[in-house]
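1. Sequence plus the predicted model coming up.
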Amino acid sequence: MERGLAKRGKGDGGVTIIKRIEEGGHGHHGGAWKVAYADFVTAMMAFFLLMWLLNATTEEQRRGIADFFNPSNALATGASGTGMPFGGMTPHSAGNMASDTGAIRLERGPRPTEQEVEEDESDRPAEATRRIPGPPGDEDSRSSRVDSVEPPTPDSTAEASTPAPPLTGEADRRLEAARAEQERFEDMADALRQTFMADPVLAELARQVLVEITPEGLRVQLLEADGQPMFTTGGIAPTDRARQMILRVAQAAARLPNPIQVTGHTDSTPFRGGGSRSNWDLSTERANATRRMLSEAGVAEARIRGVTGMADRDPLLPQQPQAAGNRRVAITLLREAEQPNARSRP
């Protein structure tokens, strides 16, 4: 801005013009931009601090921080929709949060079965009906079909298998008891086989265990093998392997109430212990030692029906009378249910 001032000189009487230029303040000399820049830098620092916190904290920590600053926000702690706020999605979840999370989806399923009931004013009692579900998702199938159960025709009755009549009478009750006992024996036999195979220590001895169901009952025989005796040579002290095997048999036998028969067997080799003892004594003493181990493992003494020594009179391998497999101890769970004679049912 220019201002002119006229001044008259003393000598020549001329006019002197003085120009004064007053400049206004420019923008870069003001302080407003500094405030804006400081706000921008503060906002960027807060943004980067927020990003660092999101990356350095777990989901539970972030939820706890949110609950601390907004404890009255039920959406932050409660469940909604699929069980979590915003459908369980967070900024760290895969996919965009602006997806269909939490949206209601309609899926077509099988149509409900409707039952058509016709009114019948007669006094005839209503017939039994059966319900047949209709095809799923078919718009034209408005309801399922309900058919009355028609009485069977003579032809259909002849073709259909006739169910067995219920058991009646004392003989039938004995038959049912024998059948139930047979099933229990089969279950125990399977359990014993699985027990020996599941134990790494006893799996090697599985070939020395013979489990079979006989007319007398469930018989478990513990056999000796070459280099793997069940008792000390010529003695009645069981080995550690024999104790483990007898313990497993006792644990399985304790689940059933059947009486138990223990039988000892030897091979045909004459007893070399000297004196008046023989294979009869050896087999009997080994059977009695097995009986004691069964009792120590939890089998009630009242269940022991008998302890017998058979010496070499009942070899497992008749063609090889001196084979190690003939030296064995048999533990038999005797049958309690009487076996009725087979007869044709009416």
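-> Done, it's in. Numbers count the residues shown, from 1 in each chain.
2. From now on I want contacts and neighbour counts done on CA atoms only, so please keep to that.
-> Noted.
3. in a strand, that's where Ala330 is, yeah?
-> Yes: counting by DSSP: H, G, I helix; E, B strand; the rest coil, Ala330 is located in a strand.
4. Any buried residues in the helix or strand containing Asp281, and which?
-> Using DSSP states H and E, Asp281 falls within helix 279-296. Within helix 279-296, the residues that qualify as buried by neighbour count (16 or more other CA atoms under 10 Å) are 279-291, 293-295.
5. and it, what other elements does it pack with?
-> Where contact means 3 or more CA pairs under 8 Å, 6 or more residues apart in numbering; DSSP states H and E, helix 279-296 is packed against helix 240-253, strand 260-265, strand 304-309, strand 328-334.
6. Next, the contact list for Ala32, please.
-> Taking CA atoms under 8 Å, 6 or more residues apart in numbering as the criterion, Ala32 is in contact with no other residue.
7. Summarise which helices and strands the longest helix anywhere in the chain is packed against.
-> If each helix of the chain is counted by residues according to DSSP state H, the longest one is helix 169-198. Contacts defined by 3+ CA pairs under 8 Å, 6+ apart place helix 169-198 against helix 200-203, strand 209-214, strand 217-223, helix 240-253.
8. If we only consider the buried residues of helix 279-296, which is nearest to Leu316?
-> The shortest approach to Leu316 among the buried residues of helix 279-296 belongs to Ser283, at 14.2 Å (CA to CA).
9. That closest one contacts His265, correct?
-> Yes: Ser283 is in contact with His265 according to CA atoms under 8 Å; the separation is 5.2 Å.
10. anything in contact with each of the two?
-> A shared contact of Ser283 and His265, defined by CA under 8 Å, 6+ apart, is any residue touching both; here these are Gly309, Met310, Ala311.
11. can you put the residues you listed in TSV and add pLDDT?
-> Putting these into TSV (pLDDT from 0 to 100) gives the following:
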residue	pLDDT
Gly309	96
Met310	96
Ala311	94
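12. Buried deepest among the helices and strands packed on helix 169-198, which one?
-> Here the criterion is mean neighbour count by mean count of other CA atoms under 10 Å, and of these the winner is strand 217-223, at a mean of 22.
13. Give the pairing partners of it; include direction for each.
-> According to DSSP bridges, the neighbouring strands of strand 217-223, each with its direction, are strand 209-214 (antiparallel), strand 328-334 (antiparallel).
14. worst average pLDDT in those strands?
-> Averaged per stretch, pLDDT over the strands paired with strand 217-223 is lowest on strand 209-214, reaching a mean of 91.
15. That strand vs helix 240-253, what angle?
-> Computed by axes from the mean of the first three to the mean of the last three CA atoms, to 10 degrees, the angle separating strand 209-214 from helix 240-253 equals 30 degrees.
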